[in-house]
Every structure is written in structure tokens, then in C-alpha cells.
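> The sequence isn't on hand, but the structure is:
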């Protein structure tokens with residue numbers, strides 16, 4: 001049966017996140033070959049129906065200027081239809097945040113208890129409680145960024161939620177800046193860590209130019225360039241020369257000040273040990289480098 005788009009109530013659009021990539025794919029498909037699968041609706045009044053499944057198809061048809069959509073009608077109580085639609089979905093698995101949106105709808109709008117919902121989904125009550133806590137603790141503005149596909153659900157749950165528990169205002173400010181930049185979960189995590197550990201100046205820079213903070217963090221984490229054995233040896237020779245000069249100054253200054261007798265013996269022993277090690281080194285150097293010429 002065909003329904004006109006203006007007859008549909010999109011009351012469950014907020015229960016799922018959008019993906020710009022998938023939206024473009026559906027739009028291209030509908031434009032090229034038309035609507036292939038019917039959407040699912042639940043008639044609720046004369047000339048009115050609630051859209052249960054097919055939100056991307058309906059949005060694509062609206063963008064293409066179409067007036068009608070082919071639909072399958074379900075004759076079920078609304079709560080049963082909503083549960084059945086979610087259980088029958090065979091696409092990408094819902095994130096815990098999307099699961100939380102549905103659970104909140106079932107509990108707050110339809111009055112189901114956590115125990116009833118857990119039984120319907122064959123889950124534990126703690127599973128329900130964790131997801132309800134997730135959507136109740138994460139600021140709504142951050143959740144909206146996820147719904148619009150501007151922020152990855154995993155990034156919001158893993159990194160912005162802990163920040164929101166400490167200061168929801170800071171989480172909202174940060175999410176407003178990070179949304180829509182195509183950042184990975186790792187990028188969001190790095191910026192949240194920099195925010196927590198940073199000064200006021202660092203936080204201001206994150207809000208103004210987060211890409212600069214990410215580049216700086218990447219540079220700091222980059223391993224130092226590999227040093228060849230020859231380069232290490234040149235550095236060691238330079239260090240030996242510097243140590244020898246410093247030790248000579250200390251000896252001269254100590255002789256002027258007068259060493260304690262007990263210290264003389266200890267210093268003499270240390271000097272003989274160093275002399276032995278250096279003699280071995282220089283013997284090896286003369287053997288290896290004695291015929292190298294100017295090069």
C-alpha cells in the first residue's frame with residue numbers, strides 16, 4: 001500500500017543514528033532504481049501512520065521530491081510493533097547508545113519495567129540498567145551529535161561519557177567542537193586526555209584548533225630516529241672528552257682546596273679503573289682506525 005509522506009509520523013527517528021555514507025548510498029539507489037523494499041508502518045488513526053522501519057528510504061524519497069512511499073502495514077499494539085521491528089533488524093548491530101535510546105522509550109513512554117524489558121530482549125536487568133544509565137548520564141547535546149552522524153558512538157561512550165560524569169558542561173563544549181570533523185575514536189580519546197591534563201591555554205587551543213593538538217601529540221609520540229653505531233660512537237667520544245675536561249677541572253680545584261687523606265685513596269682507585277677501561281678502548285681504536293687516513 002502506498003502512503004503519502006506527509007501522513008507518516010517519524011516519532012522514532014531519534015532512536016537511531018544516521019550515517020552520511022549510508023544515507024548517500026540509499027539516496028543514489030533510490031534515484032537510480034526507485035524504492036525496492038517497502039517500509040514498515042503502524043496505522044494509528046485515520047490517514048495517519050507511525051513509521052517503524054525505513055527511515056533512510058523515506059528521507060531519500062523526500063530529498064528526491066517524491067510524494068509517496070510503498071509500505072507494509074502491521075496490525076499490532078505499538079509497543080509490540082516497536083519491539084518486533086528492533087528484533088527483526090538484520091543490518092548493522094546497534095550501538096549500546098542506540099539500545100539505550102530504545103530502552104528509555106520502552107520504559108518511560110510505555111511504562112515497561114527493567115525486568116520486563118530484560119525478559120523481552122533475553123538480557124539481564126544489569127544489561128538494561130547499564131544502557132539506561134548511559135543515555136541518562138551523557139548530555140543530550142552529545143547524543144544529538146551521535147544521532148546526526150557527526151560523532152562516533154564509540155568515541156562518545158568511551159571518552160566523552162567519563163568527562164561528562166565529572167563535568168557535563170565541559171563534555172558538551174568539547175563535543176560541539178569535535179563533531180563533524182570526521183575524527184576517529186583514537187583522535188577523540190587523545191583530545192579528551194589532553195583536555196583533562198592540559199592547562200587553560202591547552203584547552204583553549206583544543207576548542208579553537210584541535211588538529212594542531214593532534215599533530216603535536218603525534219609528533220611527541222613518534223619514536224626518535226634510528227641512530228647508527230657510527231653516530232653513537234661519535235657522540236660517546238664527544239661525551240668522553242667533555243667528561244675528561246670536567247674531571248681535570250675537579251682534580252685541580254680539589255688539589256687547591258686540599259683533599260681529605262681517606263678520599264685520596266678512593267679517588268686513586270677510581271682513576272686507575274677508568275684509566276684501564278680507556279686504555280683498552282684506545283688500543284682498540286688504534287687497531288681499527290690507525291690506517292684510515294684523513295677519512
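On my side now, so go ahead. Because the structure is predicted, anything quoted here is derived from the model rather than measured. Numbering: from 1, shown residues only.

> how close does residue 134 get to residue 13?
20 Å (Cβ to Cβ, to the nearest Å). (Each C-beta comes from the backbone N, C-alpha and C, glycine too.)

> Neighbour count for these two, which is higher?
Between residue 134 and residue 13, counting by other Cβ atoms under 10 Å, residue 134 is the more crowded of the two (21 against 13).

> what about the residue lying closest to that one once chain neighbours are set aside, neighbour count?
Setting aside the residues directly before and after it, residue 134 is nearest to residue 100 in space (Cβ to Cβ, 6 or more residues apart in numbering), at 4.7 Å. Look at residue 100: counted by other Cβ under 10 Å, it has 24 neighbours.

> neighbouring contacts of stretch 218-231?
residue 235 (Cβ atoms under 8 Å, 6 or more residues apart in numbering).

> list the buried ones in that stretch?
Neighbour counts over stretch 218-231 (16 or more other Cβ atoms under 10 Å) mark no residue as buried.

> gap between the two ends of that stretch?
26 Å (Cα to Cα, to the nearest Å).

> correct me, but residue 127 touches residue 118?
Yes: with contact defined as Cβ atoms under 8 Å, residue 127 counts as touching residue 118 (6.6 Å).

> right, and the secondary structure at residue 35 would be what?
Classification of residue 35 by DSSP: H, G, I helix; E, B strand; the rest coil places it in coil.

> How many residues are close by it?
Neighbour number of residue 35 under other Cβ under 10 Å is 20.

> Look up how far residue 50 lies from it.
19 Å.

> quick one, phi psi at residue 72?
phi -100, psi 130 (degrees, to the nearest 10).

> Could I get the contacting residues of it?
Contacts of residue 72 (Cβ under 8 Å, 6+ apart): 1, 38, 39, 40, 41.
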